[in-house]
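S.K.: I need the structure of the sequence given here:
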Amino acid sequence: MTEAMNVDGDGDGADETFRSCLSSLLDTGSVESHRYYLARKTLLEMLRDRGFAVPNCEIELPLDEFRTKHGDNLDVDGFRISSLHKDDPSIKVLVLFCEPGIIKVNVVRGITTKIVQEGLDRLILVVQGKMTSQALKAVELFNIKVEVFQITDLLVNITKHELKPKHQVLTDAEKEKLLKQYSIEEKQLPRMLQKDAIARYYGLEKGQVVKVTYSGELTQLHVTYRCVW
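M.R.: I've put the predicted structure just below:
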(Lines give C-alpha, C1' and ligand atoms only; values in the text may rest on other atoms or scores of the structure.)
Protein backbone atom coordinates (compact mmCIF):
# COMPACT_ATOMS: atom_id res chain seq x y z
CA MET A 1 0.00 0.00 0.00
CA THR A 2 2.80 2.38 0.86
CA GLU A 3 4.55 1.63 -2.42
CA ALA A 4 1.34 2.30 -4.36
CA MET A 5 0.90 5.65 -2.63
CA ASN A 6 4.52 6.62 -3.44
CA VAL A 7 4.01 5.75 -7.07
CA ASP A 8 0.88 7.88 -7.25
CA GLY A 9 2.70 10.75 -5.55
CA ASP A 10 5.54 10.56 -8.04
CA GLY A 11 2.99 10.56 -10.84
CA ASP A 12 1.38 13.75 -9.58
CA GLY A 13 4.77 15.40 -9.37
CA ALA A 14 5.62 14.37 -12.89
CA ASP A 15 2.30 15.68 -14.16
CA GLU A 16 2.85 18.97 -12.41
CA THR A 17 6.35 19.26 -13.87
CA PHE A 18 4.99 18.48 -17.33
CA ARG A 19 2.25 21.11 -17.00
CA SER A 20 4.82 23.64 -15.82
CA CYS A 21 7.11 22.94 -18.77
CA LEU A 22 4.20 23.05 -21.19
CA SER A 23 2.93 26.38 -19.87
CA SER A 24 6.40 27.88 -20.32
CA LEU A 25 6.16 27.12 -24.05
CA LEU A 26 2.75 28.70 -24.46
CA ASP A 27 2.28 32.29 -25.60
CA THR A 28 0.51 34.00 -22.73
CA GLY A 29 0.29 37.39 -24.46
CA SER A 30 -2.53 38.65 -26.64
CA VAL A 31 -3.08 37.26 -30.13
CA GLU A 32 -3.35 40.79 -31.47
CA SER A 33 0.08 41.82 -30.20
CA HIS A 34 1.57 38.69 -31.77
CA ARG A 35 -0.03 39.58 -35.13
CA TYR A 36 1.42 43.07 -35.04
CA TYR A 37 4.81 41.70 -34.04
CA LEU A 38 4.93 39.25 -36.97
CA ALA A 39 3.66 41.82 -39.49
CA ARG A 40 6.18 44.41 -38.30
CA LYS A 41 9.06 41.93 -38.59
CA THR A 42 8.07 40.93 -42.13
CA LEU A 43 7.83 44.59 -43.13
CA LEU A 44 11.29 45.34 -41.75
CA GLU A 45 12.71 42.36 -43.66
CA MET A 46 10.87 43.52 -46.77
CA LEU A 47 12.34 47.00 -46.54
CA ARG A 48 15.82 45.58 -45.99
CA ASP A 49 15.45 43.34 -49.05
CA ARG A 50 14.39 46.39 -51.07
CA GLY A 51 17.61 48.16 -50.14
CA PHE A 52 16.39 50.38 -47.31
CA ALA A 53 18.45 50.95 -44.18
CA VAL A 54 16.98 48.76 -41.43
CA PRO A 55 18.94 47.90 -38.24
CA ASN A 56 19.24 44.17 -37.57
CA CYS A 57 18.41 44.81 -33.92
CA GLU A 58 14.97 46.02 -34.99
CA ILE A 59 14.34 42.94 -37.11
CA GLU A 60 15.55 40.55 -34.41
CA LEU A 61 13.63 42.24 -31.57
CA PRO A 62 12.23 39.41 -29.38
CA LEU A 63 8.47 39.16 -28.91
CA ASP A 64 8.66 39.74 -25.15
CA GLU A 65 10.62 42.97 -25.65
CA PHE A 66 8.12 44.07 -28.30
CA ARG A 67 5.30 43.54 -25.83
CA THR A 68 7.19 45.32 -23.08
CA LYS A 69 7.62 48.31 -25.39
CA HIS A 70 4.10 48.44 -26.81
CA GLY A 71 1.99 46.63 -24.19
CA ASP A 72 -1.31 44.90 -24.94
CA ASN A 73 -3.27 48.12 -25.50
CA LEU A 74 -1.83 48.55 -28.96
CA ASP A 75 -1.56 51.99 -30.55
CA VAL A 76 -1.10 51.64 -34.31
CA ASP A 77 0.70 54.99 -34.49
CA GLY A 78 3.52 53.40 -32.51
CA PHE A 79 4.21 50.91 -35.30
CA ARG A 80 5.07 53.43 -38.01
CA ILE A 81 8.35 52.74 -39.79
CA SER A 82 10.39 55.35 -41.64
CA SER A 83 13.53 54.51 -43.60
CA LEU A 84 15.90 55.87 -46.25
CA HIS A 85 17.29 53.89 -49.17
CA LYS A 86 20.93 52.89 -48.64
CA ASP A 87 22.01 53.64 -52.21
CA ASP A 88 19.96 56.81 -52.55
CA PRO A 89 19.09 58.52 -49.23
CA SER A 90 16.80 60.91 -51.09
CA ILE A 91 14.33 58.01 -51.39
CA LYS A 92 12.24 57.82 -48.24
CA VAL A 93 9.56 55.27 -47.38
CA LEU A 94 6.96 55.37 -44.61
CA VAL A 95 4.96 52.41 -43.29
CA LEU A 96 1.68 53.15 -41.52
CA PHE A 97 -0.62 50.72 -39.74
CA CYS A 98 -4.30 51.63 -40.00
CA GLU A 99 -6.85 51.10 -37.25
CA PRO A 100 -8.88 47.85 -37.46
CA GLY A 101 -12.09 48.05 -39.45
CA ILE A 102 -13.19 49.51 -42.76
CA ILE A 103 -10.88 52.17 -44.19
CA LYS A 104 -12.91 55.18 -45.32
CA VAL A 105 -11.89 58.12 -47.45
CA ASN A 106 -11.43 60.44 -44.46
CA VAL A 107 -8.67 58.15 -43.16
CA VAL A 108 -6.83 58.36 -46.48
CA ARG A 109 -7.21 62.13 -46.61
CA GLY A 110 -5.68 62.35 -43.14
CA ILE A 111 -2.64 60.45 -44.40
CA THR A 112 -2.14 63.01 -47.17
CA THR A 113 -0.97 65.54 -44.58
CA LYS A 114 1.73 63.16 -43.33
CA ILE A 115 3.00 62.67 -46.88
CA VAL A 116 3.41 66.39 -47.40
CA GLN A 117 5.03 66.94 -44.00
CA GLU A 118 7.61 64.14 -44.33
CA GLY A 119 8.52 64.54 -48.00
CA LEU A 120 7.92 60.89 -48.84
CA ASP A 121 8.61 59.02 -52.05
CA ARG A 122 6.81 55.82 -51.10
CA LEU A 123 4.11 54.79 -48.69
CA ILE A 124 3.03 51.38 -47.42
CA LEU A 125 -0.34 51.04 -45.70
CA VAL A 126 -1.15 48.03 -43.54
CA VAL A 127 -4.88 47.47 -43.14
CA GLN A 128 -7.02 44.97 -41.27
CA GLY A 129 -10.25 45.43 -43.16
CA LYS A 130 -11.66 46.45 -46.51
CA MET A 131 -11.15 49.85 -48.10
CA THR A 132 -14.17 51.64 -49.49
CA SER A 133 -14.21 52.45 -53.20
CA GLN A 134 -13.80 56.15 -52.40
CA ALA A 135 -10.78 55.39 -50.20
CA LEU A 136 -9.19 53.37 -52.99
CA LYS A 137 -9.76 56.21 -55.46
CA ALA A 138 -8.20 58.66 -52.99
CA VAL A 139 -5.11 56.43 -52.77
CA GLU A 140 -4.78 56.42 -56.55
CA LEU A 141 -4.64 60.22 -56.51
CA PHE A 142 -1.47 60.28 -54.39
CA ASN A 143 1.53 61.64 -56.29
CA ILE A 144 3.79 58.94 -54.82
CA LYS A 145 3.81 55.17 -55.00
CA VAL A 146 1.39 53.69 -52.45
CA GLU A 147 1.17 49.99 -51.59
CA VAL A 148 -1.60 48.44 -49.51
CA PHE A 149 -1.12 45.18 -47.61
CA GLN A 150 -3.56 43.24 -45.48
CA ILE A 151 -1.96 42.43 -42.13
CA THR A 152 -2.76 38.74 -42.72
CA ASP A 153 -0.49 38.81 -45.79
CA LEU A 154 2.45 39.83 -43.58
CA LEU A 155 2.26 37.23 -40.82
CA VAL A 156 4.75 35.06 -42.72
CA ASN A 157 7.68 36.12 -44.89
CA ILE A 158 7.00 34.17 -48.07
CA THR A 159 10.60 34.49 -49.27
CA LYS A 160 11.75 32.36 -46.31
CA HIS A 161 9.54 29.38 -47.11
CA GLU A 162 11.71 26.33 -47.69
CA LEU A 163 9.75 25.33 -50.81
CA LYS A 164 9.97 28.79 -52.36
CA PRO A 165 12.71 29.23 -55.00
CA LYS A 166 15.26 31.99 -54.51
CA HIS A 167 14.39 35.29 -56.21
CA GLN A 168 16.93 37.94 -57.14
CA VAL A 169 15.90 41.27 -58.65
CA LEU A 170 18.21 42.24 -61.52
CA THR A 171 19.56 45.75 -61.89
CA ASP A 172 18.93 47.57 -65.17
CA ALA A 173 22.49 46.77 -66.25
CA GLU A 174 22.07 43.07 -65.42
CA LYS A 175 18.79 43.00 -67.31
CA GLU A 176 20.35 44.51 -70.44
CA LYS A 177 23.25 42.06 -70.23
CA LEU A 178 20.80 39.15 -70.01
CA LEU A 179 18.76 40.28 -73.02
CA LYS A 180 21.92 40.86 -75.05
CA GLN A 181 23.39 37.50 -74.05
CA TYR A 182 20.38 35.57 -75.36
CA SER A 183 19.48 38.04 -78.15
CA ILE A 184 15.92 38.43 -76.93
CA GLU A 185 13.48 41.19 -75.96
CA GLU A 186 11.94 41.45 -72.52
CA LYS A 187 8.52 40.46 -73.88
CA GLN A 188 10.00 37.05 -74.75
CA LEU A 189 10.78 36.29 -71.12
CA PRO A 190 8.32 34.31 -68.98
CA ARG A 191 5.97 36.67 -67.18
CA MET A 192 5.37 37.49 -63.54
CA LEU A 193 2.27 39.51 -62.76
CA GLN A 194 2.76 42.68 -60.75
CA LYS A 195 0.17 41.40 -58.27
CA ASP A 196 2.20 38.21 -57.68
CA ALA A 197 3.13 37.82 -54.00
CA ILE A 198 6.87 37.94 -54.76
CA ALA A 199 6.51 40.99 -56.99
CA ARG A 200 4.55 42.72 -54.23
CA TYR A 201 7.12 41.77 -51.59
CA TYR A 202 9.93 43.43 -53.56
CA GLY A 203 7.72 46.28 -54.78
CA LEU A 204 8.56 45.51 -58.40
CA GLU A 205 7.56 47.71 -61.31
CA LYS A 206 6.54 46.58 -64.77
CA GLY A 207 9.56 45.73 -66.90
CA GLN A 208 11.78 44.62 -64.04
CA VAL A 209 13.34 41.17 -64.34
CA VAL A 210 13.73 38.59 -61.60
CA LYS A 211 16.19 35.70 -61.56
CA VAL A 212 14.50 32.59 -60.12
CA THR A 213 16.71 29.77 -58.85
CA TYR A 214 15.17 26.37 -58.12
CA SER A 215 17.09 23.87 -56.03
CA GLY A 216 16.20 20.88 -53.89
CA GLU A 217 17.02 17.33 -52.97
CA LEU A 218 14.78 15.92 -55.69
CA THR A 219 15.47 18.52 -58.37
CA GLN A 220 18.64 19.73 -59.99
CA LEU A 221 19.68 23.36 -59.93
CA HIS A 222 17.54 25.24 -62.41
CA VAL A 223 17.56 28.94 -63.23
CA THR A 224 14.96 30.94 -65.11
CA TYR A 225 14.10 34.63 -65.52
CA ARG A 226 10.76 36.38 -65.33
CA CYS A 227 9.72 39.83 -66.41
CA VAL A 228 7.11 41.72 -64.41
CA TRP A 229 3.93 42.67 -66.29
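S.K.: Let me see the residues that make contact with stretch 137-148.
M.R.: Stretch 137-148 has contacts (C-beta atoms under 8 Å, 6 or more residues apart in numbering) with 105, 108-109, 112, 115, 120-125, 127, 131, 200, 203. To be clear about C-beta, it is placed using only N, CA and C from the backbone, and glycine gets the same treatment.
S.K.: repeat for stretch 105-121
M.R.: In contact with stretch 105-121 (C-beta under 8 Å, 6+ apart) are residues 82, 90-94, 96, 98-99, 123, 125, 132, 134-135, 137-139, 142, 144-145.
S.K.: Which of the residues you listed fall within strands?
M.R.: Among the contacts of stretch 105-121, DSSP state E puts 82, 92, 93, 94, 96, 123, 125, 145 in strands.
S.K.: For the residues you listed, give me JSON lines that also has distance to residue 171.
M.R.: Converted to JSON lines, the ones in strands among the contacts of stretch 105-121 look like this (distance: C-beta to C-beta, whole Å):
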{"residue": "82", "distance to residue 171": "25"}
{"residue": "92", "distance to residue 171": "21"}
{"residue": "93", "distance to residue 171": "19"}
{"residue": "94", "distance to residue 171": "25"}
{"residue": "96", "distance to residue 171": "29"}
{"residue": "123", "distance to residue 171": "24"}
{"residue": "125", "distance to residue 171": "28"}
{"residue": "145", "distance to residue 171": "19"}
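S.K.: Reformat those residues into JSON lines and put pLDDT, distance to residue 182 and neighbour count next to each item.
M.R.: As requested, these are exported to JSON lines (pLDDT from 0 to 100; distance: C-beta to C-beta, whole Å; neighbours: other C-beta atoms under 10 Å):
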{"residue": "82", "pLDDT": "93", "distance to residue 182": "41", "neighbour count": "13"}
{"residue": "92", "pLDDT": "93", "distance to residue 182": "37", "neighbour count": "18"}
{"residue": "93", "pLDDT": "94", "distance to residue 182": "34", "neighbour count": "21"}
{"residue": "94", "pLDDT": "94", "distance to residue 182": "39", "neighbour count": "20"}
{"residue": "96", "pLDDT": "94", "distance to residue 182": "42", "neighbour count": "18"}
{"residue": "123", "pLDDT": "94", "distance to residue 182": "37", "neighbour count": "21"}
{"residue": "125", "pLDDT": "95", "distance to residue 182": "39", "neighbour count": "20"}
{"residue": "145", "pLDDT": "91", "distance to residue 182": "31", "neighbour count": "13"}
